[in-house]
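Visitor: Okay, here's the prediction I keep looking at, along with the sequence it came from:
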Amino acid sequence: MPFSLHFSPTPLITAPSPLSKPFFLVPYYHTLHAPKSPLCSSMEHALTHQGKQEAFDRRPEDSQTLPLGLRRDAMPSHVAVIMDGNRRWARLRDLPVRSGYEAGVESLRKIVEICCKWGIKVLSVFAFSSDNWFRPKVEVEFLMSLFERGMQEDTGIFFRENIRISVIGDLTKLPKALQELMVNLEEATKNNTRFQLIVAVSYSGHYDVVQACQRLALKAKCGLIEPSDINVSLMEQELETNCTEFPHPDLLIRTSGEFRISNFMLWQLAYTELFFAQSLWPDFGEAEFLKALLAFQQRQRRYGV
Ligand SMILES: CC(C)=CCC/C(C)=C/CC/C(C)=C/COP(=O)(O)OP(=O)(O)O
């Protein structure tokens, strides 16, 4: 299929629409969920940014090409990644911690590019957990600035490559400018269909389940539902992964040789296949991603049946 460019200036001039979440039900649901402002000028600037485009340049037939052995009909729709080992990568090289995170962003860019190329529909990445707020202040501030920089630099690519960006987590804790950037980016890319990148920031599985329960409790209090109506489907409508057509990751990859889920998407991972890679995240590239996908395609998923 020819590589198509879907960038359109429309989102820049269209009046923003309110989010679908019924914010009137959740008083503390913050200004993020109020109607959005038009895209900020820095984003307009970023839309013309060409710097990282080369990474995405490819032959038109690439979307048809899969590495040997990888089956298109068994490709996971949704891959989730715990991008672990950035600081260790830096320390091993006597580099400052921030270089590890910067290298982690480059690795993420590579994996997004591969997902687009190989036809994976959704990639969720654990970029900052609720517990990461307890890291040294300077490190937290650096990560916040990295998210801002990364998203600004890649905005043009998201449009050109028809990529939808969604952000999940308690965004109310983020710096205001970053909140605005993320919300605007989500809104502006919400109709992009080729691929969805879900960035979990200030997120934990516990947070997600608790906020979903709070929303259901409020609905019950307002008389919109009965407590006995609450079931798996209603819960899933309130989880933050309601932003995607594929809320349950088919495959979870954790890098750096740790065998933990670390409070990521606890509900959504119920039937997910797990793959633990030895590589530190900045070293995780195409070869290891392929290994994870090939392993996934060997698995027999029975869902308890
Ligand atoms: C724009 C955007 C979405 C950027 C993502 C940047 C990125 C790679 C974030 C990961 C942050 C993080 C807390 C990783 C955990 O590994 P660690 O660094 O704590 O590793 P360690 O286990 O070696 O200490």
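Guide: Structure received.

Visitor: Would you mind naming what in this protein lies close to the ligand?
Guide: Residues of the chain that fall close to the ligand, judged by CB under 6 Å from any ligand atom: 83-88, 100-101, 104-105, 108, 127-128, 132, 146-147, 150-151, 199, 256. In this view, the C-beta of every residue, glycine as well, is placed from N, C-alpha and C.

Visitor: Might you report the residue contacts of Gly257?
Guide: Residues counted as contacts of Gly257 (CB atoms under 8 Å, 6 or more residues apart in numbering) are 85, 276-278.

Visitor: can we see that at 7 Å?
Guide: Applying CB atoms under 7 Å, 6 or more residues apart in numbering to Gly257 gives the contacts Gln278.

Visitor: again, but for Ser202
Guide: Counting by CB under 7 Å, 6+ apart, Ser202 touches 128, 130, 169-171, 173-174.

Visitor: which one of these sits closest to Ser204?
Guide: Using CB to CB, Ser130 is the member of those that lies nearest Ser204, at 4.0 Å.

Visitor: I'd like the distance between the nearest residue to the closest one once chain neighbours are set aside and the ligand.
Guide: Distances taken as CB to CB, 6 or more residues apart in numbering put Ser204 closest to Ser130, at 4.0 Å, once the chain neighbours are dropped. Ser204 sits 12 Å away from the ligand, taking CB to the nearest ligand atom, to the nearest Å as the criterion.

Visitor: hang on, the earlier thing: which of the residues of the chain next to the ligand fall in strands?
Guide: If you go by DSSP state E, the residues of the chain next to the ligand have 127-128, 199 in strands.

Visitor: For these, give me JSON lines that also has pLDDT and neighbour count.
Guide: As requested, those are exported to JSON lines (pLDDT from 0 to 100; neighbours: other CB atoms under 10 Å):
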{"residue": "Ala127", "pLDDT": "98", "neighbour count": "24"}
{"residue": "Phe128", "pLDDT": "98", "neighbour count": "22"}
{"residue": "Val199", "pLDDT": "98", "neighbour count": "23"}
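
Visitor: Tell me how many other residues surround Val210.
Guide: 11 (other CB atoms under 10 Å).

Visitor: Just list the residues touching Gln278, thanks.
Guide: Counted by CB under 7 Å, 6+ apart, Gln278 has contacts Gly257.

Visitor: change it to 10 Å
Guide: Contacts for Gln278 (CB atoms under 10 Å, 6 or more residues apart in numbering) come out as 85, 255-257, 284, 288.

Visitor: which stretch of helix or strand covers Arg260?
Guide: Following DSSP states H and E, one finds Arg260 outside all helices and strands.

Visitor: residue contacts, it?
Guide: Per CB under 10 Å, 6+ apart, neighbours of Arg260: 82, 84, 254, 276.

Visitor: of those, closest to Lys219?
Guide: For these, the closest approach to Lys219 (CB to CB) belongs to Ile82, at 31.8 Å.

Visitor: Identify the bridge partners of that closest one.
Guide: Counting by DSSP bridges, Ile82 forms beta bridges with Phe126, Arg254.

Visitor: Tell me the one of the contacts of Arg260 nearest Phe296?
Guide: Nearest to Phe296 out of the contacts of Arg260 is Phe276 (CB to CB; 12.6 Å).

Visitor: for the closest one, what are its contacts?
Guide: Neighbouring residues of Phe276 by CB under 10 Å, 6+ apart: 82, 84, 252-260, 292.

Visitor: please redo it, this time with the cut-off set to 6 Å
Guide: Going by CB atoms under 6 Å, 6 or more residues apart in numbering, Phe276 touches 254, 259.

Visitor: beta partners for it?
Guide: Per DSSP bridges, the residues bridged to Phe276 are Arg254.

Visitor: Check the gap between it and Phe126 for me.
Guide: 14 Å (CB to CB, to the nearest Å).
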